[in-house]
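K.L.:
need a structure here:
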Amino acid sequence: MRYMMLIYGVEDDSASPEELQEVSAAHHALMADLHQLGILVGADPLYPTTSATTVRMKDGKPMVTDGPFAETKEQLAGYYILDCKDLDEAIEWAAKIPTRCKGGAGCIEVRPIWQIEKPA
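P.N.:
Numbers count the residues shown, from 1 in each chain. Purely as a prediction, here's the structure:
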């Protein structure tokens, strides 16, 4: 079953280039391991919330606004999609995803992906 690991953290500009490089290297190492095992489906970081656009429907028409849809302490920072045998395996891998969260902020949300058949 495929699982999506949603990475949440606190956006800040206080990271040194060395800290950012360390986290990036840890992600690359994890992705290499996952790829070698054949369970990595995809993984990407997201641009900051300042680049987000939110689309809501109102009276059948799209309403477009800048930014994320809600004020939160943590922001969605990226994701992994893994093909795991079960939730226990997905949780084991989620625990290995590096995050750069100060003070214990941040988390990895694990969700099964409801696979639907694609139209022909």
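
K.L.:
can you tell me the helix or strand for residue 90?
P.N.:
helix 87-94 (DSSP states H and E).

K.L.:
can you tell me what sits against that helix?
P.N.:
3, 5, 34, 39, 80, 82, 84, 108, 110, 112 (Cβ atoms under 8 Å, 6 or more residues apart in numbering). Every C-beta, even on glycine, is put in place using the N, C-alpha and C of the backbone.

K.L.:
for residue 47, give me phi and psi.
P.N.:
The phi/psi pair for residue 47 (degrees, to the nearest 10) reads phi -70, psi 160.

K.L.:
also the one 5 residues further on?
P.N.:
Dihedral pair for residue 52: phi -80, psi 150, per degrees, to the nearest 10.

K.L.:
most distant residue from the centre of the protein?
P.N.:
residue 59 (31.6 Å; Cα atoms, centre = their mean).

K.L.:
would you map the strands across this protein?
P.N.:
2-9, 40-45, 53-58, 61-66, 75-83, 107-112 (DSSP state E).

K.L.:
in the helix holding residue 90, which residues are buried?
P.N.:
Using 16 or more other Cβ atoms under 10 Å as the test for burial, helix 87-94 gives 90, 93, 94.

K.L.:
any idea how far the first one lies from residue 4?
P.N.:
To tie it back to what came earlier, the one meant is residue 90. 9 Å (Cβ to Cβ, to the nearest Å).

K.L.:
who touches both of the two?
P.N.:
residue 110.

K.L.:
okay, now the unreliable bits of this protein?
P.N.:
For the chain, the stretches flagged by pLDDT under 70 are 13, 68-72, 100-106.

K.L.:
spatially central residue for it, please.
P.N.:
Central residue of the chain (Cα atoms, centre = their mean): residue 79, at 2.3 Å.
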